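# Mind folding the following:
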Amino acid sequence: MVRGYRDRADDSFLTLLGDLPELVTKLVKAEIDAAKAWVSRTAKDAGIGSVWFVIALFFLFWLVPMILVFAVAGLSSWWPVWLSALAVLGLLLVCVLLCVVFGLLKFRKVLRRENPGQAVATDIRIVKDAGDDKL
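Numbering: from 1, shown residues only. Model prediction:
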């Protein structure tokens, strides 16, 4: 025997059929164990990846004010500080308004789309109406 395997070439058909439930049970258990291991590894990796994203968001949170201060300081070399701060504020407001408009357009597209529940209800209504027809 090599690694727990035995030669089944000389076994009869009925012997092989008798061993089938045990083999199927072992196969199902092995597949379930493999699925559990995969879920465990995937959940661990996803958790660690999520932590890295949270850390990146923390640094991004502090990066945005620094960029704005840099813009105000840069513009203040040509304009007075109050005017450069007002220009950066106006630019930010324009960016916010553009993002709101794009977001609203995207949500309108989503709301116009038929969801799967509505599609099933429509199909059921069509089948009921077709079943009510008298031939």
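# how about L17, secondary structure?
The three-state assignment at L17 reads helix, by DSSP: H, G, I helix; E, B strand; the rest coil.
# can you give me the helices for this protein?
Secondary structure of the chain, counting by DSSP state H: helices at 13-75, 81-112, 116-132.
# separation between the most centrally placed residue in the chain and V72?
Here the mean C-alpha position of the chain is nearest to the C-alpha of A46 (C-alpha atoms, centre = their mean), at a distance of 11.2 Å. Spatial separation of A46 from V72 under the definition C-beta to C-beta, to the nearest Å is 40 Å. Backbone N, C-alpha and C define where each C-beta goes, glycine included.
# buried set for the lowest-mean-pLDDT helix or strand in the chain?
Ranked by mean pLDDT, DSSP states H and E, the weakest helix or strand in the chain is helix 116-132, scoring a mean of 76. When burial is assessed from 16 or more other C-beta atoms under 10 Å, helix 116-132 yields no buried residues.
# which other residues reach it?
Residues from elsewhere that reach helix 116-132, judged by C-beta atoms under 8 Å, 6 or more residues apart in numbering: E114.
# again, only using 10 Å
Applying C-beta atoms under 10 Å, 6 or more residues apart in numbering, the external contacts of helix 116-132 come out as 114-115.
# Then stretch 90-101?
Contact with stretch 90-101 is made by 64, 68, 71, as judged by C-beta under 10 Å, 6+ apart.
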